[in-house]
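# structure of the sequence below:
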Amino acid sequence: MRKLSLFSGIGGIDLAAEWAQMETVAFCEREPFPQAVLRNHWPDIPIYDDVCTLTADRLREDGVIGPGRAIDLVSAGYPCQPESLAGKRRGEEDDRWLWPEVARVLQEVRPRWFLGENVAGHISMGLDIVLSDLERFGYTTQTFVIPACAVGAPHRRDRVFIASCTDDVGDTERGGCSGQSRGRTEQVTSDGYCQLEERALGNSADERLPERRQSRRNTGEAEAGTGMDAEPERSSKDVAYSSSSGQQERHTAAITDREGHSSGGADAGRSHRATQSRMGRVLDGLSTRLDQHQWPAALGQEQYDWEPPRVATGIKNRVGRLKALGNAVNPYQIYPILAAIKAINDSL
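Numbering: from 1, shown residues only. Next up is the predicted model:
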């Protein structure tokens, strides 16, 4: 997949995209220090310095896009200051409200995918405008809030991610988006509403699904006199254990198999302990290679031996580094979304 990066910063989104086997073909970043970081890590990729002057025609003239070189995804960590809870929250009245420029680029380039990033304050200011614009442009959108602590970081750092997909792409020879090309049929009911049927996923009787994934829903009529649908009937083997006994037995058996101990007597007490990876990994979708990142000590904790001192003088570009890190996107937070986008796009 070929990606255009807007408001690139020091390349947090682009590093995660590289992990997901995507190719960033152009950056757009105006600050000098982040530009230097981008040139150091991606020396052969062009950097545009103003999103307001970046157009599809300019990208064509520079050979970034053209026949057989369409943009599949546009990423944009557009400025958060207009929406941030730490600022004055002037929204659209703020000169740094640059979503309209992102919207213009999307209309001109027409990528299949868009992935936006912003602070949690965006939910209560500006996000409704973004979602309305994306819907107007023909994009289907899903938003996520993922904190940095969800991927093992020692701080909260909530971030809003906006993942969008459309069938109406610039290169009309390519196939449709997964949401509408994978068994989705559209029917108009008698009351004029449009009803969508997901035959590949929503149809519980689909023969392509394994039996254990089939729904046991009761298709009988509604219960008389209640006005409600019949209670779904489900097989007990398809739901989670209602008590801890079954889970305890399975965990005890797993310990026995792994360590060669009997599940009876004193060793049986091991089953009460939480199952945790010995490597300290979390279920965040990251591979083992990516999950070996060492986070610094949290606030109030003693620093590790390998950490640089927290208070230092005489460091080159200290102010620029601090500003860049404050504005950066944690690549571990956004990687699972990019990996999912890549997997869906590859399946088209």
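# nearest residue to Pro309 other than its sequence neighbours?
Gln303 (7.8 Å; CB to CB, 6 or more residues apart in numbering). Just so you know, the C-beta spots here come from the backbone N, C-alpha and C atoms, and that holds for glycine as well.
# which stretch of helix or strand covers the one you found?
Gln303 is part of no helix or strand when elements are defined by DSSP states H and E.
# just Arg96 next, same as before
Counting by DSSP H and E, Arg96 is part of no helix or strand.
# that one against Ser84, yeah?
No - here Arg96 lies out of contact with Ser84, judged by CB atoms under 8 Å, at a distance of 10.1 Å.
# when those two are compared, which one has more neighbours?
Ser84 (16 against 12; other CB atoms under 10 Å).
# hang on, isn't the more buried one packed against Ser124?
No - shown here, Ser84 and Ser124 do not form a contact pair, counting by CB under 8 Å, at 11.1 Å.
# so what sits against both of these two?
Taking CB atoms under 8 Å, 6 or more residues apart in numbering as the contact rule, Ser84 and Ser124 touch no residue in common.
# and the residue nearest to Pro309, how far from Ala324?
22 Å (CB to CB, to the nearest Å).
# again, but for Ser5
15 Å.
# who has more neighbours out of those two?
Ser5 (26 against 19).
# what's the more buried one sitting at in phi/psi?
Torsion angles at Ser5 (phi, psi; degrees, to the nearest 10) stand at phi -110, psi 120.
# and the strands in the protein?
With strands called from DSSP state E, the chain shows them at 2-6, 23-28, 47-48, 73-76, 113-119, 140-146, 159-165, 184-188, 194-198.
# so for His41, which of those sits nearest?
Of all the strands of the chain, strand 23-28 sits nearest to His41, with 10.4 Å by CB to CB.
# just the angle for that closest one relative to strand 2-6, thanks.
Taking axes from the mean of the first three to the mean of the last three CA atoms, to 10 degrees, one finds that strand 23-28 is oriented at 20 degrees with respect to strand 2-6.
# hmm, Leu73 is touching Ile341, no?
Yes - shown here, Leu73 and Ile341 form a contact pair, counting by CB under 8 Å, at 6.8 Å.
# ok, back up a step: the residue nearest to Pro309 contacts Trp295, doesn't it?
No - here Gln303 lies out of contact with Trp295, judged by CB under 8 Å, at a distance of 11.8 Å.
# the more surrounded of these two?
Just comparing Gln303 and Trp295: by other CB under 10 Å the higher neighbour count belongs to Trp295, 15 against 11.
# what is the neighbour count of the nearest residue to Asp50 once chain neighbours are set aside?
Excluding the flanking residues, the one nearest Asp50 by CB to CB, 6+ apart is Arg30, at 6.0 Å. Neighbour count for Arg30, taken as other CB under 10 Å: 14.
# what does Trp42 give?
Trp42, neighbours per other CB under 10 Å, totals 18.
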